[in-house]
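Undergrad: Sequence isn't available, so here's the structure alone:
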């Protein structure tokens, strides 16, 4: 009996070792992020479902193009197939050409919010497959339907590929990005093989019956989307983008008791660390994860930032904010009632030489300004002309009292904020350049990020 147990333990150890060697990064689990296991499991089932879907869509396309039909012309079917592939690849090239270009937000958005784009990739893939599943119902329109579906599919593949580097980097911990990437690919190959083994009998059983294929599609698509979402929930980033900055500041201001003095007790950094915030992040497409987009405008042009002209710029810089700050901030306010006011819009533009500390100070000042306005009341008749400047000056003083504790809490939580490169996702639009001319008058220039 003991020999059987020993043999079982030996077999179990060897099988486990071989599986780890082939499908897990070297040194697992100490060399990867603690969310890797959940990511690998969920990603496996997402790939399994996605491959089964693609088998169903390929079967539907073959039916739509006329394969197996006695009346179809093989040459025409082959030409249609090649043309839809060509159109799809062309669409993918045009999409890829906009990634990282100066006039496009795609490049920076991919880097700052890879989870959202990965979800968009999964949704676009399922939409393209759904169109292909429906193509047998409209055989006369095979080429436009299949071409459009193929464009979406190529964009989906490109979008998914563009986000892989950021996601895999977040999962690696000891400079083993290549190993993590290779093992994720190995896991997906196995998932694709199993998905193919399931997809083939499903498509054969349906026998070209579109409603049945559509039913299979909805089941597999739901599985694909669910496991994709679950896999991304387990990925943790330690660099701050706009959503994470919003969540950190929201929690911080919820914790502080007063605007009048700096906190002495500090903030519990465990509540704002990357792992805690990863659970609160929203990355579902078409849903705004924070309200910055409603009131905070980053990198506005000078005529928008200071509509009253250069004199307003100098007043803000010299008297409201201070020359030591590497950002300019302005706001638009509206009166609510009983001398209470609301900050509708805050414009925040950084100088070209702004460092990581300046970026955090600018965002913190903007958030403080909006929160402070809710607690203050002013005589409208007395301050109607320059109330926004008064609020900016007062909130700057408040920010100076709080920023030290805020920075300490953020660093203690494990966020990377030491260099500007870690915060590039927070800067967009125009940046200002201030030069001193020979006549000692400052000259303001603008440049695009």
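TA: Okay, I see it. This structure is a prediction, so every number in the text was calculated from the model and none was measured.
Undergrad: what's residue 298 sitting at in phi/psi?
TA: Here is the backbone geometry of residue 298 (degrees, to the nearest 10): phi -100, psi 130.
Undergrad: what about the spatially closest residue to it that is not a sequence neighbour, how many residues close to it?
TA: Of all residues not flanking residue 298 in the chain, residue 428 sits nearest, at 5.1 Å (Cβ to Cβ, 6 or more residues apart in numbering). (C-beta placed from N, C-alpha, C; glycine too.) Residues near residue 428, counting by other Cβ atoms under 10 Å, number 18.
Undergrad: how about low-confidence regions in the stretch 151-300 of the chain?
TA: Filtered on pLDDT under 70, the stretch 151-300 of the chain yields the residue ranges 256-268.
Undergrad: quick one, helices of it?
TA: Taking DSSP state H, counting those that start in this stretch as the test, the helices found in the stretch 151-300 of the chain are 177-206, 210-233, 242-255, 274-280, 292-295.
Undergrad: ok so, going back, okay, the residue nearest to residue 298: pLDDT?
TA: What the model reports as pLDDT for residue 428 is 83.
Undergrad: Do I have it right that it meets residue 297?
TA: No: Residue 428 lies out of contact with residue 297 (Cβ atoms under 8 Å); the separation is 9.8 Å.
Undergrad: quick check, distance from the helix or strand harbouring residue 344 to the centre of its chain.
TA: Per DSSP states H and E: residue 344 is located in strand 341-350. Remark: strand 341-350 is offset 24 Å from the chain centroid, using Cα atoms, centre = their mean, to the nearest Å.
Undergrad: what's the offset of the helix or strand that comes right after it from the middle of its chain?
TA: Remark: after strand 341-350, the chain's next helix or strand is helix 356-373, criterion DSSP H and E. What separates the centre of helix 356-373 from the centre of its chain is 22 Å, taken as Cα atoms, centre = their mean.
Undergrad: How about stretch 340-358?
TA: With Cα atoms, centre = their mean, you get 22 Å for stretch 340-358.
Undergrad: which parts of it are buried?
TA: 341, 343, 345-351, 354, 356, 358 (16 or more other Cβ atoms under 10 Å).
Undergrad: what about that stretch, how long is it end to end?
TA: Stretch 340-358 has an end-to-end distance of 30 Å (criterion: Cα to Cα, to the nearest Å).
Undergrad: now it: mean pLDDT?
TA: pLDDT averaged over stretch 340-358 gives 88.
Undergrad: hmm, back to that, TSV please, covering the buried residues of stretch 340-358 and showing distance to residue 146.
TA: TSV is the format used below for the buried residues of stretch 340-358 (distance: Cβ to Cβ, whole Å):
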residue	distance to residue 146
341	57
343	51
345	46
346	48
347	47
348	47
349	47
350	47
351	51
354	49
356	49
358	52
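Undergrad: Does residue 317 belong to a helix, a strand or coil?
TA: Secondary structure, DSSP: H, G, I helix; E, B strand; the rest coil: residue 317 is helix.
Undergrad: coming back round to it: tell me which of the helices of the stretch 151-300 of the chain sits nearest to residue 150.
TA: helix 210-233 (17.0 Å; Cβ to Cβ).
Undergrad: Show me how far that closest one is from its chain's centre.
TA: The answer for helix 210-233 is 22 Å, by Cα atoms, centre = their mean.
Undergrad: What pairs with the strand holding residue 344, parallel or antiparallel?
TA: strand 296-298 (parallel), strand 327-335 (antiparallel) (DSSP bridges).
Undergrad: State the next helix or strand along the chain beyond the first one.
TA: Once the chain leaves strand 296-298, the next helix or strand it forms, by DSSP H and E, is helix 302-305.
Undergrad: Excluding sequence neighbours, find me the nearest residue to residue 44.
TA: residue 191 is the one closest to residue 44 (Cβ to Cβ, 6+ apart), at 4.8 Å.
Undergrad: and the gap between residue 340 and residue 374?
TA: From residue 340 across to residue 374, the span is 8 Å (Cβ to Cβ, to the nearest Å).
Undergrad: Kind regards, and thank you for your time.
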